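Q: prediction below, plus the sequence it came from.
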Amino acid sequence: MTRKGILMKFFSGMILALFALALNAQPTLTDVINAFNAGAEEVNSGNFDTAIVKFEETIALADQLGAEGDEMKANAKAQIPALHYRMALDAYKEKDIAGAIAKFEKTVEACDQYGNDDIREKSLKYIPQLYYALGNTQVKDEELDAALASFNKAIEYQPDYARAIYGKALVYKKQNDDAMMIATMEEAIKVGTSSGDDKTTEAATKTLKDHFMNAGKLAFKDEEFDKAIQNFEASNKYNSQDPESYYLTCVIYGKQGDFDKAVEYGLKAVQYEKADDQAKIWYEIGNAYMGLVEYDKACEAFKKALVEPYLTAVKYKMENVLNCK
């Protein structure tokens, strides 16, 4: 081997040896402090992501150093969850819903890794609200499957979140999935009642009442009377003081010749209807009493229906059929 070759081999060996020593060198407390200070400088410059990387480096160096680096390690660990939380709040203030969700979830992960129960708890309060807001936006954009996923995530984080459950039910309503809509609205009522969310409970109750009422009226129009009664009875579960469902049920029973039932439901309708709007109900009750051959009661009912558009028909029945006094 030539002299030049020997020298090249020697220097190559020296470089490798020095590199190996550098790799195996034990960090000093100064190294740990310098890494921490670098992170602090990035915080002051507003570079939070870079600051987190520097604090993670601080922790890694402190782990290598041992007990001497424990204090700086603790200081670095305290910074990381707080910085994640700060970035999450910034995204929230900027109304970047998706970004805020990701950052709050990252904050929770950081709290689990480095500790900070207070920040963790605060983050967990934001996350379901943000998923709920995202779901509402997706509903408006007709992204219904995505909305369902968002509402489900909100509920996953907060099982008693009645508004998110109600949001799911509205998605099913838009998808014309009546079975899932009804079941989910029922769940919203149950959860809303137990959690004290009266507003959501009332909204879900009204939605179900209107759903069954509208279905009953459609069936009534199509002369599917058994189906109509079934829906009116379901509607009454959510509002037992709605005169319209009782009135239409009275009409159906009158058409079917079940006059006892017609009277029963007619009197229920009168109980909840305003006085100025009762004439149509008394007219049906009067007809039912006629069918039962209870003419005195029919006369009393018809006397309360002596207004248009029933006036002519009522007068005729009272004077020529019932001979009312």
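A: Received it, and whenever you're ready, just let me know what you need.

Q: which stretch of helix or strand covers the most centrally placed residue in the chain?
A: Centroid check for the chain by Cα atoms, centre = their mean gives residue 164 as the closest residue, at 0.9 Å. Per DSSP states H and E: residue 164 is located in helix 162-174.

Q: downstream neighbour of that helix in the secondary structure list?
A: helix 178-195.

Q: can you name the element that comes right after that next one?
A: helix 198-221.

Q: can you pull the buried residues of that following helix?
A: 200-201, 203-205, 207-209, 211-213, 215-217, 219-220 (16 or more other Cβ atoms under 10 Å). In this view, the C-beta of every residue, glycine as well, is placed from N, C-alpha and C.

Q: now it and helix 162-174, what's the angle there?
A: Here helix 198-221 runs at an angle of 20 degrees relative to helix 162-174 (axes from the mean of the first three to the mean of the last three Cα atoms, to 10 degrees).

Q: could you pull out the strands for this structure?
A: All residues of the chain lie outside strands when identified by DSSP state E.

Q: what's the domain layout of it?
A: 26-158, 241-325 (automatic domain parsing).

Q: endpoints of the shortest one, how far apart?
A: In other words, domain 241-325. 34 Å (Cα to Cα, to the nearest Å).

Q: now that domain: mean pLDDT?
A: Regarding domain 241-325, the rounded mean pLDDT is 95.

Q: tally of neighbours for the residue nearest to residue 103 when sequence neighbours are not counted?
A: Sequence neighbours aside, residue 88 is the residue nearest to residue 103 in space, at 3.6 Å (criterion: Cβ to Cβ, 6 or more residues apart in numbering). A count of nearby residues for residue 88, using other Cβ atoms under 10 Å, gives 27.

Q: so for residue 88, what's the pLDDT?
A: 97.

Q: that one and residue 94 touch, don't they?
A: No - counting by Cβ atoms under 8 Å, residue 88 does not reach residue 94; the two are 10.9 Å apart.

Q: roughly how far apart are the residue lying closest to residue 227 once chain neighbours are set aside and residue 231?
A: Leaving out its chain neighbours, the residue that sits closest to residue 227 by Cβ to Cβ, 6+ apart is residue 219, at 4.1 Å. From residue 219 across to residue 231, the span is 6 Å (Cβ to Cβ, to the nearest Å).

Q: residue 131 now?
A: Residue 131 is 34 Å from residue 231, by Cβ to Cβ.

Q: for these two, indicate the residue with more neighbours.
A: Using other Cβ under 10 Å as the criterion, residue 131 and residue 231 rank with residue 131 on top: 26 against 23.

Q: distance of the more buried one from residue 154?
A: 4 Å.

Q: can you list residues touching both of these two?
A: residue 164 (Cβ atoms under 8 Å, 6 or more residues apart in numbering).

Q: can I get the domains of the chain in CSV with distance to residue 175?
A: Output for the domains of the chain, formatted as CSV (distance: least, Cβ to Cβ, whole Å):
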stretch, distance to residue 175
domain 26-158, 6
domain 241-325, 26
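
Q: next, count neighbours for residue 44.
A: 9.

Q: actually, residue 193.
A: 15.

Q: the residue nearest to it when sequence neighbours are not counted and residue 162: what is the separation?
A: If the residues on either side of it in the chain are set aside, residue 193 comes closest to residue 201, at 5.3 Å by Cβ to Cβ, 6+ apart. Taking Cβ to Cβ as the measure, residue 201 falls 7 Å from residue 162.

Q: which neighbours do those two share?
A: Common neighbours of residue 201 and residue 162 (Cβ under 8 Å, 6+ apart) are 188, 192.

Q: which residue is the nearest non-sequential neighbour of residue 313?
A: Nearest to residue 313 is residue 283, by Cβ to Cβ, 6+ apart, at 7.8 Å.

Q: these two touch, right, the one you found and residue 302?
A: Yes - counting by Cβ under 8 Å, residue 302 is a contact partner of residue 283 at 7.2 Å.
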